[in-house]
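[1] this is the structure alone, sequence omitted:
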């Protein structure tokens, strides 16, 4: 009783010493300061091209029997490979675990393959990854890394089932990313600004999981420094692929996983693998390997500028986007259906650079 009374008195004393607020006085927030991105030709450090594995009807997670193997498919994520990787992999691992087997082959060593491998290991499985390319040579290494399950399927192919699967995968993945040590895996929260000269509508994918975009608000002219009449603000995770994929591959190996550099020329070579269950995380490679004719490339080209650590926000405008990463300021982008070319297109590079230069030169 004496201790309780003493603490109460102490609290009252401290309370008495605190500054008093009168009326509805609220301390004003410090104004948001925006570091301008310096866009110029002499700051360019590289331009890269990647092919997104896109299916108009959305990603595939299902199991099938091929000879004496069970193949669990987990591919076709479009522009949401890193974003959805943990979520679709949880769905796929549930399918694989239902076989009762404990040895698994994982085909592919990008974000989806690595997430599948780690989830299997966390259940006590013996895992071997077979892949033609390892980080930093995977398609996932070329991804932007902003967490947002968009550009993953055609809107007119939506069904109630596909909406439910996408929302579940997004939520599972979002939770998993928050459970990882952020600095070690190259993950951080970052403000996003979507810009337009026309009134903004939410992307339909965002409507499925609006609560995963905290601090969502529309800004009026004068409430932001960008040269557009409309702006939308929200906060997302940003995943640095070069950090994240390296850490994931390290953890697979530390947990006893084996990694074999090997390209499978056809489905018949699955019979050569000693594992009874095969996780197909081959991305665009599933088109040739498993005959998925719906799968198509969507070409993306990115130009990187020298890093600017002081830039702490993402910008998404009409046909342009900027992500500030440790390995450089990423400028995008393109979304070219059916284009298999991995060559840098100079006209595209100029459009991206010139568009961002005009955007940031116009900041107030």
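    Okay, I see it. Model, not experiment: these values are computed from the prediction.
[2] the helices in the stretch 101-250 of the chain, which residues?
    Here the stretch 101-250 of the chain has its helices, by DSSP state H, counting those that start in this stretch, at 111-122, 160-179, 182-185, 204-208, 241-254.
[3] which of those helices sits closest to residue 262?
    Between residue 262 and those, the shortest gap by C-beta to C-beta is with helix 111-122, which sits at 13.1 Å. Every residue, glycine included, has its C-beta placed from N, CA and C.
[4] which stretches of the stretch 51-200 of the chain form strands?
    Secondary structure of the stretch 51-200 of the chain by DSSP state E, counting those that start in this stretch: the strands cover 60-66, 69-75, 103-107, 126-131, 187-196.
[5] check contacts around residue 131.
    Contacts for residue 131 (C-beta atoms under 8 Å, 6 or more residues apart in numbering) come out as 107-109, 113, 138, 259-262.
[6] if it is in a bridge, with which residues?
    residue 261 (DSSP bridges).
[7] how close does it sit to residue 184?
    Going from residue 131 to residue 184 by C-beta to C-beta, to the nearest Å gives 23 Å.
[8] turn the strands of the stretch 51-200 of the chain into CSV, including distance to residue 146 and mean pLDDT.
    Below are the strands of the stretch 51-200 of the chain laid out as CSV (distance: least, C-beta to C-beta, whole Å; pLDDT from 0 to 100):
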stretch, distance to residue 146, mean pLDDT
strand 60-66, 23, 98
strand 69-75, 21, 99
strand 103-107, 25, 99
strand 126-131, 25, 99
strand 187-196, 7, 98
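[9] what's the most buried one of those?
    Most buried of those, by mean neighbour count (mean count of other C-beta atoms under 10 Å): strand 103-107, with a mean of 25.
[10] residue contacts, the most centrally placed residue in the chain?
    Nearest residue to the geometric centre of the chain (C-alpha atoms, centre = their mean): residue 83, 3.2 Å. Counting by C-beta under 8 Å, 6+ apart, residue 83 touches 77, 146-149, 170, 173.
[11] closest one of these to residue 312?
    Out of the contacts of residue 83, the member with the shortest distance to residue 312 (by C-beta to C-beta) is residue 146, at 13.8 Å.
[12] quick revisit: wait, which of the strands of the stretch 51-200 of the chain is closest to residue 340?
    Across the strands of the stretch 51-200 of the chain, residue 340 has its closest neighbour in strand 69-75 (17.0 Å, C-beta to C-beta).
[13] check the closest residue to residue 282 other than its chain neighbours and give its pLDDT.
    Among residues not flanking residue 282 along the chain, residue 108 sits closest, at 4.7 Å (C-beta to C-beta, 6 or more residues apart in numbering). Looking at residue 108, its pLDDT is 98.
[14] residue 203 too?
    Note on residue 203: pLDDT of 89.
[15] contacts only, for it.
    residue 150.
[16] distance of it from residue 54?
    16 Å.
[17] residue 265 too?
    Going from residue 265 to residue 54 by C-beta to C-beta gives 24 Å.
[18] surely residue 154 is in contact with residue 57?
    Yes. Between residue 154 and residue 57 a contact is recorded at 7.3 Å, counting by C-beta atoms under 8 Å.
[19] pretty sure residue 200 sits against residue 194.
    Yes. With contact defined as C-beta under 8 Å, residue 200 counts as touching residue 194 (6.2 Å).
[20] so who does the nearest residue to residue 70 once chain neighbours are set aside touch?
    Nearest non-adjacent residue to residue 70, counting by C-beta to C-beta, 6+ apart: residue 277, 4.8 Å away. By C-beta under 8 Å, 6+ apart, residue 277 lies in contact with 69-72, 96, 99, 101, 103-105.
[21] kindly recompute the last result at 7 Å.
    Residues in contact with residue 277, defined by C-beta atoms under 7 Å, 6 or more residues apart in numbering, are 70, 72, 96, 99, 101, 104.
[22] and these, which is closest to residue 232?
    Nearest to residue 232 among the contacts of residue 277: residue 72, at 37.9 Å, using C-beta to C-beta.
[23] residue 108 and residue 363: what is the separation?
    Here the distance between residue 108 and residue 363 works out to 41 Å (C-beta to C-beta).
[24] please say which of those two ends up with more neighbours.
    Neighbour count, other C-beta atoms under 10 Å: between residue 108 and residue 363, residue 108 has more, with 27 against 14.
[25] need phi/psi at that one.
    Here is the backbone geometry of residue 108 (degrees, to the nearest 10): phi 110, psi 140.
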